[in-house]
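Novice: Got a predicted structure here, sequence first:
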Amino acid sequence: MGLTNNLIERASFSFYRYTTNDMTVELRNNLFRLGALEMGYPDQENFPPTWYVYDNLFDSMAITVTGGSPHLLNGKNGYYPATSTKFPIGSGGDVTLTNIDYQTSFLGGFYYPTTGTNLARLINAGSRTASSAGLSAFTSTTDQVADSGTVDIGYHSFAVNPNTTVTIQATEPVASESGQQGKFTVFRSGSTGANLTVYYGVRGTAVPGTDYQALSGTATIGIGSPSQEILVLPIDNNTITFDKTVVVSLILTNTYFVGILFVEEKSDQFLCAAPGVYIVHWEGGRFVVRFFPINAILEHVTFAPIRSINAGSLPRAPPLPGFSSRQAS
């Protein structure tokens with residue numbers, strides 16, 4: 001089994017090898033933090049497995065190796081604090097840290113500074129190339145430069161383009177079989193000097209090809225333009241159904257960052273580009289947004305009902321993010 005490029009916190013792992021189990025284990029480019037890791041070889045003389053532990057950062061981990069370790073190949077790992085237990089009989093190249101200085105950037109709070117005497121020492125300090133590790137589109141540093149050459153020790157986040165942020169909004173949130181089209185609009189910030197292809201996923205209760213014409217999954221914002229429309233075209237299938245939804249989610253790539261766009265009362269817009277949990281609630285006649293940072297990017301979801309309903313007799317409710325504040329009709 002293998003664990004590659006994972007961020008694992010407050011977890012305990014135990015790997016044991018017995019005569020009936022010749023499992024090979026590889027642990028590479030992970031951040032193990034505030035947990036425990038135990039590896040054991042009770043019958044290593046008769047059925048020696050080969051296990052590999054390279055290029056990981058062990059931050060405040062309790063490490064235990066039992067039964068000897070001649071077949072546990074390891075090296076080029078980072079350890080914090082300096083008093084940490086290390087894997088025995090390693091091949092060298094380990095980096096011991098006396099201080100830890102994680103940085104916060106687009107996708108979380110475990111980036112490295114590009115210079116310094118602490119985590120920056122893990123840059124280009126691994127056992128193989130970033131390409132062979134499958135991490136050439138990922139980064140460990142705050143400058144978002146993708147890893148190249150020798151791989152950095154530890155966990156990597158997807159490298160994003162910090163100069164372009166894309167968001168999506170349901171600008172025509174109601175569509176119907178009577179001819180009314182729905183519309184999403186993809187917006188970008190930053191330079192408009194080149195075409196930008198934006199990728200998105202589609203889901204919802206409406207069935208593509210049956211309830212509406214299937215969407216392509218890509219939208220190209222043209223040169224000189226800050227936005228591009230995605231039309232939702234209902235299909236008149238002569239069946240009676242309840243209201244259905246189309247949900248479009250932007251997909252993160254290394255050519256842009258995915259932001260989160262909310263529509264406030266009176267359709268005022270604001271952009272929340274930092275990844276995290278955004279809680280929107282109605283308070284004192286206005287929307288209040290509270291931000292709670294997390295360590296992974298959230299996809300932004302907006303909704304476009306396929307059918308409209310007569311809601312004139314219903315009480316007025318505050319609109320949700322991605323909806324206009326008008327009632328359906």
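Specialist: Structure received.
Novice: From now on I want contacts and neighbour counts done on CA atoms only, so please keep to that.
Specialist: OK.
Novice: low pLDDT regions in the stretch 1-150 of the chain?
Specialist: Scanning the stretch 1-150 of the chain for pLDDT under 70 picks out 18-22, 41-49, 67-70.
Novice: Recalculate using a threshold of 90.
Specialist: Residues of the stretch 1-150 of the chain that meet the criterion pLDDT under 90 lie in 1-2, 13-25, 39-51, 65-73, 85, 87-92, 106-108.
Novice: Show me where it has its helices.
Specialist: For the stretch 1-150 of the chain, applying DSSP state H, counting those that start in this stretch gives no helices.
Novice: Outline the domain layout of this protein.
Specialist: 2-158, 165-260+301-305 (automatic domain parsing).
Novice: Please compute how far the first one lies from its chain's middle.
Specialist: When distances are taken as C-alpha atoms, centre = their mean, to the nearest Å, domain 2-158 is centred 20 Å away from the chain's centroid.
Novice: Export the domains of the chain to TSV and append columns for mean neighbour count.
Specialist: Putting these into TSV (neighbours: other C-alpha atoms under 10 Å) gives the following:
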stretch	mean neighbour count
domain 2-158	19
domain 165-260+301-305	18
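Novice: With just CA atoms, put stretch 213-222 into PDB.
Specialist: Extracted C-alpha coordinates of stretch 213-222, given in PDB (Å, rounded to 0.1, in the frame of the first residue of the first chain):
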ATOM      1  CA  GLN A 213     -29.300  20.500 -23.300                       C
ATOM      2  CA  ALA A 214     -26.100  19.000 -21.900                       C
ATOM      3  CA  LEU A 215     -23.300  21.500 -20.900                       C
ATOM      4  CA  SER A 216     -19.800  21.000 -22.200                       C
ATOM      5  CA  GLY A 217     -17.900  21.400 -19.000                       C
ATOM      6  CA  THR A 218     -15.700  24.200 -20.300                       C
ATOM      7  CA  ALA A 219     -16.200  27.900 -20.800                       C
ATOM      8  CA  THR A 220     -13.600  30.100 -22.600                       C
ATOM      9  CA  ILE A 221     -13.400  33.700 -21.600                       C
ATOM     10  CA  GLY A 222     -12.100  35.500 -24.700                       C
END
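Novice: average pLDDT across that stretch?
Specialist: Mean pLDDT, stretch 213-222: 95.
Novice: How about Pro226, nearest residue that isn't a chain neighbour?
Specialist: Arg188 (5.4 Å; C-alpha to C-alpha, 6 or more residues apart in numbering).
Novice: got the contact list for Ile235?
Specialist: 177, 209-213 (C-alpha atoms under 8 Å, 6 or more residues apart in numbering).
Novice: cool, and Asp236?
Specialist: Asp236 neighbours (C-alpha under 8 Å, 6+ apart): 177-178, 211.
Novice: Can you add secondary structure and give the residues you listed back as JSON lines?
Specialist: Listed next are the contacts of Asp236 as JSON lines, based on DSSP: H, G, I helix; E, B strand; the rest coil:
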{"residue": "Glu177", "secondary structure": "coil"}
{"residue": "Ser178", "secondary structure": "coil"}
{"residue": "Asp211", "secondary structure": "coil"}
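Novice: Closest one to Asp152 out of those residues, please.
Specialist: Checking the contacts of Asp236 against Asp152 by C-alpha to C-alpha gives Asp211 as the nearest, at 48.4 Å.
Novice: Spatially nearest residue to that closest one, not counting backbone neighbours?
Specialist: Among residues not flanking Asp211 along the chain, Ile235 sits closest, at 5.2 Å (C-alpha to C-alpha, 6+ apart).
Novice: Okay, that neighbour and Gly149: tell me how far apart.
Specialist: 52 Å (C-alpha to C-alpha, to the nearest Å).
Novice: repeat for Thr129
Specialist: 5 Å.
Novice: Repeat that for Ser227.
Specialist: 36 Å.
Novice: who touches the closest residue to Ile123 other than its chain neighbours in this structure?
Specialist: Nearest residue to Ile123, sequence neighbours excluded (C-alpha to C-alpha, 6+ apart): Asp152, at 4.4 Å. Going by C-alpha under 8 Å, 6+ apart, Asp152 touches 55, 122-126, 130, 140.
Novice: if we go to 7 Å?
Specialist: 122-126 (C-alpha atoms under 7 Å, 6 or more residues apart in numbering).
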